[in-house]
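> quick check, what structure comes out for this input:
(one chain, ligands or ions: 1)
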Amino acid sequence: MNPPVIGIDIGGTGIKGGLVDPTRGKLLGEPVCVPTPQPATPKAVAQAVALLVADVSVYPEAPAADSPMGVTFPGIIRHGMVHSAANMDRSWLNTDINELLTTRLGRRVEVINDADAAGLAETRYGAGAGVSGAVLVITLGTGIGSALILNGQLMPNVEFGHLEVDGCRAETTTSAVARERDQLSWEEYSVLLQRYFSHVEFLLSPELFIVGGGISQRASEYLPNLKLQTPIVPAVFRNEAGIVGAAIQAFAPEHS
Ligand code: BGC
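Just a heads-up that it's a prediction; the model follows:
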């Protein structure tokens with residue numbers, strides 16, 4: 001077996017991490033989690049990531065201290081640079097996050113968009129494994145993330161959470177956090193999801209939708225209400241797809 005790889009998933013609300021067997025897409029042991037520091041500046045977030053890395057490094061299976069690791073970020077990442085940070089501090093913009101974390105942690109760090117990481121995990125080892133054609137993973141969390149995988153190949157940085165639906169950016173009304181903020185019942189939330197997924201289905205005609213993010217654990221409350229031509233299923237990795245995908249990315253980096 002290859003040594004495990006550390007995966008860390010930076011979200012707008014929480015930062016989670018764990019050890020992953022990247023060849024089986026398997027989380028080893030319990031993930032660890034801390035709230036995202038506020039304000040979520042590069043320095044504060046790098047410090048929180050360092051603490052999580054220290055936490056998982058005491059596990060007996062932990063890899064060598066200089067082994068490469070993977071991290072997700074909730075924004076556009078191109079060649080290691082942050083190009084958007086809708087739910088993070090704006091001082092992230094134009095930060096070389098690969099370099100920042102590599103220097104802070106003293107090991108090579110590969111950073112990938114959070115939804116793209118979830119997409120890699122789900123299409124390699126989860127709900128989209130073996131599905132050919134276009135698979136769209138939508139994560140419902142602080143924002144809405146999206147990952148487009150065509151015949152197993154990730155097309156990075158697709159930002160379908162920012163599509164305009166009924167005059168609003170979709171993630172401002174239809175994310176999991178927006179549902180809580182607006183105190184929507186599952187029926188009310190299903191109406192918003194229906195509008196959103198119908199629109200995306202019309203634009204893309206994918207083979208499969210996979211719904212990720214913490215709220216995928218409650219999929220039975222809203223997925224049966226949706227009327228779509230495309231099959232729609234919850235993420236197998238639930239809220240841990242980001243950790244697993246981050247580690248997969250560090251093991252065999254995609255070009256992003
Ligand atoms: C960001 C995406 C991210 C999503 C989920 C959006 O606001 O633009 O890059 O994947 O939130 O965190």
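> any idea of the pLDDT on Asn239?
The per-residue pLDDT reported for Asn239 equals 85.
> what count of nearby residues applies to it?
22 (other CB atoms under 10 Å). To be clear about C-beta, it is placed using only N, CA and C from the backbone, and glycine gets the same treatment.
> what separation is there between it and the ligand?
Distance from Asn239 to the ligand, counting by CB to the nearest ligand atom, to the nearest Å: 12 Å.
> my read: that residue touches Ser216, true?
Yes. Counting by CB atoms under 8 Å, Asn239 does reach Ser216; the two are 7.1 Å apart.
> count the residues that sit near Glu61.
Counted with other CB under 10 Å, Glu61 comes out at 12.
> which secondary structure state does it sit in?
Look at Glu61: counting by DSSP: H, G, I helix; E, B strand; the rest coil, its state is coil.
> who's in contact with it?
Going by CB atoms under 8 Å, 6 or more residues apart in numbering, Glu61 touches Pro3, Pro4, Leu19, Leu28, Gly29.
> mind redoing it with 6 Å?
Pro4, Leu19, Leu28 (CB atoms under 6 Å, 6 or more residues apart in numbering).
> what residues does the stretch 151-256 of the chain put near the ligand?
The stretch 151-256 of the chain comes close to the ligand at residues Glu159, Gly161, Glu171, as judged by CB under 6 Å from any ligand atom.
> what's the pLDDT at the nearest residue to Val109 once chain neighbours are set aside?
Nearest non-adjacent residue to Val109, counting by CB to CB, 6 or more residues apart in numbering: Leu101, 4.0 Å away. Confidence at Leu101, expressed as pLDDT, is 98.
> what's the answer for His255, then?
pLDDT, His255: 46.
> for the lengthiest helix in the chain, packing partners?
Secondary structure assigned by DSSP state H gives helix 186-204 as the longest helix of the chain. If contacts are counted by 3 or more CB pairs under 6 Å, 6 or more residues apart in numbering; DSSP states H and E, helix 186-204 sits against strand 164-165, helix 170-174.
> go with 10 Å
If contacts are counted by 3 or more CB pairs under 10 Å, 6 or more residues apart in numbering; DSSP states H and E, helix 186-204 sits against strand 134-140, strand 144-150, strand 164-165, helix 170-174, helix 176-181, strand 208-212, strand 232-234.
> give me every residue that touches the closest residue to Ser91 other than its chain neighbours.
In space, Ser91 comes closest to Thr41 once its chain neighbours are excluded; the distance is 5.4 Å by CB to CB, 6+ apart. Counting by CB atoms under 10 Å, 6 or more residues apart in numbering, Thr41 touches Gln47, Met88, Asp89, Arg90, Ser91, Trp92, Thr95.
> not counting residues beside it along the chain, what's closest to Ala115?
Gly145 (2.7 Å).
> just to check, the one you found is in contact with Pro156?
No. At 11.9 Å, Gly145 and Pro156 do not qualify as touching, with contact defined as CB atoms under 10 Å.
> and the closest residue to Arg195 other than its chain neighbours, how far from the ligand?
Spatial nearest neighbour of Arg195, chain neighbours left out: Val165 (5.5 Å); criterion: CB to CB, 6+ apart. Going from Val165 to the ligand by CB to the nearest ligand atom gives 15 Å.
> identify the contacts common to Asn239 and Ser216.
Shared contacts of Asn239 and Ser216, defined by CB under 10 Å, 6+ apart, comprise Ala118, Thr139, Gly141.
> so which of those wins on neighbours?
Ala118 leads those on contacts (other CB under 10 Å) with 36 neighbours.
> how about the helix or strand containing that residue, does it reach the ligand?
Using DSSP states H and E, the element containing Ala118 is helix 114-125. Yes. Against the ligand, helix 114-125 shows contacts by CB under 6 Å from any ligand atom at Asp114, Ala115.
> and that helix, what does it pack onto?
For helix 114-125, the packing partners by 3+ CB pairs under 10 Å, 6+ apart are strand 5-10, strand 69-73, strand 109-113, strand 134-140, strand 144-150, strand 153-155, strand 208-212, helix 241-251.
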